[in-house]
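1. Below is the sequence, then the predicted model.
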Amino acid sequence: MSTKRGDYGKGMIRPRETKKGTVYDLELPVPGRRPYYKGGFKTQKLAKVHRDQILRARNAAALLNEKSVTVSQIVGRWMKETASEKAGSTVVNYESAYRRYIEPDLRTPVSLFTRKAFQEYLDALPNRLEKGKTTGYSTVRCIMTMVKAALRWAATPEQGIINDSPLRDARLRLPMKGAAPKAVGLGSFRDIMQASDGKISHLLWLVLGSSGARRGEILGLRWRDVDFNERVIRIGSIATPESRGAVVEERVKGKQWRAIPLDDATLQAFQVRFEDVKPKADTFVFESKRKPGQPYGYNAVDNWWRRDCRKAGVPYGRGKAQIHGLRRMFVTEMIDRQVPVKVVSEIVGHTSTMITENVYFVASDSRKREAINTMGSLLGE
């Protein structure tokens, strides 16, 4: 049995030849100790059963641990364990945010920590920021990033500190004025596409705008997921928001694995890119030049967006044109054109049509004007 490197926390099962035939050995990593080892299973299935029993017991222990371990303790341990992977300036900023806010404020047991509670904490935080000792909302963003990343790290099989992160896939809002999300207008989208012509960002904006997919889903796209014969892209991976796109997981939000059809223009753009790079099947469509084998990160994509918006003369930022606004644009335009909400919801991967209608759909000015004119006609009869 071959196991991917990223799956090592789930255990390695290796065949071994003996005089009596093939047997299977199991090895499981144990944080801070020598790996657990048990050999001589007659079949691979028996080794898997034993492995699953061990992992279930470990998860049960993690669940018990959640009743006592606090969010601040997990963030503190995460900082120590991962400090060597971060730049010195990042470590200094993290230590400052942890000392002033996270350690004294987030002593809540993980079992009682919820997305709603964390959002309320973030909303109230700007009023408590120490004047002259912080860069304002950048501190709030830093704290949000730290807590999400630490909980995700603690829930990995290698750590096993908690069973799962209570903030996994949670959409959190930074408490900033004018932060209400909005759809990118079609006119602005065309201007951005023209400004990005000839750049790799051109393909990214086109795919996001024409499919309604999430940024992480497209950054996690490999060429094997692009089916030129069936004219679809298959969404089964995501470059996680917690890692800013540095980690790609074989999962999607809400377990909405799906195939999205491609229109002629997007299909042709994929084909042109494929011919230019002639990639292997496992290569990321948006593979980083600086880090081969990894997709471009969120920071790089954010920089592309700011560059292309500036060139296009499109205001960008919170409350203005944002990358996620392309997803909202797709939903709004589709519903405006009488595409059934159920169809739109399945394309974008929402777990409920209520999310599509109540959260993502924004009635256009033309739709509102049409409604008013209709009422005016009725009143005039």
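-> Everything's here; your move.
2. low pLDDT regions in the stretch 201-350 of the chain?
-> 242 (pLDDT under 70).
3. the helices in it, which residues?
-> Taking DSSP state H, counting those that start in this stretch as the criterion, the stretch 201-350 of the chain carries its helices at 215-219, 264-277, 298-312, 324-336, 341-348.
4. which secondary structure elements does whichever helix or strand comes after the last one contact?
-> Pointing back at helix 341-348 there. Note on helix 341-348: by DSSP states H and E, the next helix or strand toward the C-terminus is helix 353-355. Counting contacts by 3 or more Cβ pairs under 8 Å, 6 or more residues apart in numbering; DSSP states H and E, helix 353-355 packs against helix 341-348. C-betas here are computed from N, CA, C, even on glycine.
5. Can you spell out the domain ranges of the protein, please?
-> 5-66, 71-154, 186-365 (automatic domain parsing).
6. now those domains as a markdown table including mean neighbour count and distance to residue 163?
-> Converted to a markdown table, those look like this (neighbours: other Cβ atoms under 10 Å; distance: least, Cβ to Cβ, whole Å):
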| stretch | mean neighbour count | distance to residue 163 |
| --- | --- | --- |
| domain 5-66 | 14 | 4 |
| domain 71-154 | 16 | 9 |
| domain 186-365 | 17 | 16 |
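7. With respect to residue 166, which of those lies nearest?
-> In terms of Cβ to Cβ, the element of those nearest to residue 166 is domain 71-154, at 5.1 Å.
8. hmm, back to that, turn the domains of the chain into TSV, columns for distance to residue 168.
-> Listed next are those as TSV, based on distance: least, Cβ to Cβ, whole Å:
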stretch	distance to residue 168
domain 5-66	14
domain 71-154	7
domain 186-365	8
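9. Under the pLDDT cut-off, which ranges of the stretch 1-150 of the chain? List them.
-> Filtered on pLDDT under 70, the stretch 1-150 of the chain yields the residue ranges 1-11, 30-34, 55-67, 87, 89, 130-137.
10. All the strands of it, residue numbers only.
-> 12-18, 21-30, 33-41 (DSSP state E, counting those that start in this stretch).
11. so which of those gets nearest residue 149?
-> The minimum distance between residue 149 and the strands of the stretch 1-150 of the chain falls on strand 21-30, with 20.8 Å, by Cβ to Cβ.
12. The closest one: how far from the chain's middle?
-> How far strand 21-30 lies from its chain's middle: 34 Å, per Cα atoms, centre = their mean, to the nearest Å.
13. Ok, stretch 35-47 next?
-> Here stretch 35-47 shows a centroid-to-chain-centroid distance of 35 Å under the convention Cα atoms, centre = their mean.
14. ok, and what's touching it?
-> Outside stretch 35-47, the residues that touch it by Cβ atoms under 8 Å, 6 or more residues apart in numbering are 1, 13, 15-16, 23-30, 50, 54.
15. now, which of these sits nearest residue 256?
-> Taking Cβ to Cβ as the measure, residue 256 lies nearest residue 1 of the contacts of stretch 35-47, at 29.0 Å.
16. can you list the helices of the stretch 201-350 of the chain in CSV and add distance to residue 81?
-> CSV is the format used below for the helices of the stretch 201-350 of the chain (distance: least, Cβ to Cβ, whole Å):
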stretch, distance to residue 81
helix 215-219, 24
helix 264-277, 36
helix 298-312, 23
helix 324-336, 31
helix 341-348, 36
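17. No further queries at this time; thank you.
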